[in-house]
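In: Build me a model:
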Amino acid sequence: MTYGEALSFVNEYLRGDNSSPQVAPVHFKMATLDVALRCAPDELIVDWTGSETDVFRLLPPEDADTPPTKYIKNPTIPDPIDNDAELPIGKGLEMAIVFFICSYFTNKSSEKYESKAERVISIYTSNVLP
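Out: Okay, the predicted model is just below:
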């Protein structure tokens with residue numbers, strides 16, 4: 001999904017509630033980090049060497065006696081937003097970003113949108129093979 005498509009979804013979901021949300025790059029970053037707090041998106045997982053500066057959170061190693069080998073990086077969000085660029089998260093989690101952004105801007109339904117985002121994440125994590 002592109003940023004432009006995500007913005008269109010946000011505008012449609014908020015029609016009649018907040019018809020002119022001013023979505024900025026920081027909102028996409030916040031929403032992507034909200035998703036990364038709840039799951040480990042494949043597109044944000046990279047190898048850990050110990051010298052990285054873009055660490056959002058370390059992933060636990062499979063063996064408790066070994067140091068971490070993977071981490072979730074902070075997403076790179078273009079500023080200004082390029083409507084044709086792809087979201088920094090893969091298929092299955094894009095709508096979670098849309099719903100989190102809606103939860104930031106809604107005048108009446110923040111919990112509803114956050115719940116929808118968490119449901120999308122739950123479905124994504126239940127379909128990911130170990």
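
In: From now on I want contacts and neighbour counts done on CA atoms only, so please keep to that.
Out: OK.

In: nearest residue to the residue nearest the centre of the chain other than its sequence neighbours?
Out: Residue closest to the average C-alpha location in the chain (Cα atoms, centre = their mean): Thr32, at 2.3 Å. Excluding its sequence neighbours, the residue lying closest to Thr32 (Cα to Cα, 6 or more residues apart in numbering) is Ile97, at 6.0 Å.

In: Does the one you found lie in a helix or a strand, and which?
Out: helix 94-105 (DSSP states H and E).

In: Outside of that helix itself, which residues are in contact with it?
Out: Counting contacts by Cα atoms under 8 Å, 6 or more residues apart in numbering, the residues outside helix 94-105 that touch it are 1, 6-7, 9-10, 13-14, 18, 21, 23, 27-28, 31-32, 34-35, 87, 109-114, 116-118, 120-121.
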